[in-house]
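Novice: Kindly return the folded structure for what I paste below:
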Amino acid sequence: MWSNHLRESIFSKTHSSEWSQIDRWLQSKYPNQNIPAFERTEESAKVLLELMRLNETQDAHAQEAILALQQVSSSYQSEDMRLKEILQFLGLQKDHLSADTRQLLSQLSNLAMILGTSDTTMASYHQALAQLRIDTIHYTREQNDQNTRQTALEKNQTDAQLELDRLLELKRQWTQERETHGDIEQRTRRRSTELNRIKAIEDKEALERMRRMSQSHGALDPEAQGLTVAQLSSKEERVLDLERQLETQTKMLSAYQEIPPDYTLAKLKLKEAELRLNELTAEHESMVAEMADAL
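Specialist: Numbers count the residues shown, from 1 in each chain. Next up, the predicted model:
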C-alpha cells in the first residue's frame, strides 16, 4: 500500500515538473497574449514537451544561421571600410570614378561573393579561381566517368538483348525441329507397325496354307521327305513361338507410339524393337521355308 502511494507521489511530482516547464515555455512564446488553455493530461504534456524540444532545436539552428550571417556581413563591412580607406587615401571617391571603373568594381564585388571570399586582393581572387578550376576539372572527370559508365551499360544492355533474341530464335528453331522429327518418327513408327502387321498376317496365312497342304497329303511319309515326325512337330512349335513373339513385338511397336516426345529415347527404343523384330521375322521365314521344303 505504501509502495503504491510512493509511486503516485513520484508520478505527481514528475507531472507537475513537466507542466512547469511547459508553462514557462508558453509564457515566453505568448508574452503579451493569453496563453492557450490545454487539458492537463499526461498525453497533452507529452505532445507539448515534444513540441517544445523541436521549437528549441529550431531556435538554436536559426540562431546559428543568424550568427553566421552576421559574421559574413561583418567581414564584408570590414572589407568595405578597408576599400573606402584605400580610396580615401588615394584621394578617390566613388562618384569621381568612371562608369566602366564602377562597373568593374561591382563585378569584382559580385565575383568575390560568388567565390566565397571577403578578401578582394588579387591573391585571394587567384586562389579562389584556382580552386574553382580544380573543382571544375574534378567535376568534368566525374562527368566523363559517368558518361563512360553509362555508355558501357547501354552497350551491355544492347548485347544482352541481342543474345536473348538469339537464344529465343534457337529455342524456336529447336522446338520446330523437335516437332518435325517427332512427326517423322511417329509416321515412321506407324508405317513400320502397319507393315509388320501385314507381314505377320501374310506369314500366318502362309502357315495356314502349309498346314492345309500337310493335312491334304497326310498319306505321305514325312520321313521320306527328309524330316521325322518329331522334327516336324518341333519346327511347328518353333513357328508358333515365333508367331507369338512377332505378335508381342508388334504390340510393343504400337505401344511406342504413346511414348512422350523424347527424341533420343524414342529413337533408341524404336531401333531396338526393329532389330529384334527383323531377327524374329528372318527366323520365322527361314522356319516356314524349311517346313515348306520338307512338305
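Novice: ok, now how distant is Tyr125 from Ser106?
Specialist: 15 Å (CB to CB, to the nearest Å). To be clear about C-beta, it is placed using only N, CA and C from the backbone, and glycine gets the same treatment.
Novice: between those two, which one's more packed in?
Specialist: Tyr125 (16 against 10; other CB atoms under 10 Å).
Novice: separation between that one and Ala112?
Specialist: 8 Å.
Novice: cool, Ala68 as well?
Specialist: On the measure of CB to CB, Ala68 and Ala112 end up 17 Å apart.
Novice: neighbour-wise, which of these two wins?
Specialist: Neighbour comparison, Ala68 and Ala112: the larger count goes to Ala112, with 18 against 10 (by other CB under 10 Å).
Novice: Same question for the helix or strand that the more buried one is a member of: list its buried residues.
Specialist: Secondary structure assignment for Ala112, by DSSP states H and E: helix 99-115. Buried residues in helix 99-115, counted by 16 or more other CB atoms under 10 Å: Ala112, Leu115.
Novice: for stretch 279-287, same thing?
Specialist: Quick answer for stretch 279-287 (16+ other CB under 10 Å): Leu280, Thr281, Glu283, His284, Met287.
Novice: Can you list the buried residues in stretch 48-62?
Specialist: Quick answer for stretch 48-62 (16+ other CB under 10 Å): Leu48, Met52.
Novice: how about the CA coordinates for that stretch, as CSV?
Specialist: Output in CSV follows, covering the C-alpha atoms of stretch 48-62 (Å, rounded to 0.1, in the frame of the first residue of the first chain):
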residue,chain,number,x,y,z
LEU,A,48,3.7,19.8,-25.7
LEU,A,49,7.1,18.7,-24.4
GLU,A,50,8.0,17.2,-27.8
LEU,A,51,6.8,20.4,-29.5
MET,A,52,8.9,22.5,-27.0
ARG,A,53,12.1,20.4,-27.8
LEU,A,54,11.5,20.8,-31.5
ASN,A,55,11.0,24.5,-31.2
GLU,A,56,14.2,24.9,-29.1
THR,A,57,16.2,23.0,-31.7
GLN,A,58,14.7,25.1,-34.4
ASP,A,59,15.6,28.3,-32.5
ALA,A,60,19.2,27.0,-32.0
HIS,A,61,19.6,26.4,-35.7
ALA,A,62,18.2,29.8,-36.5
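Novice: Right, I'll leave it there.
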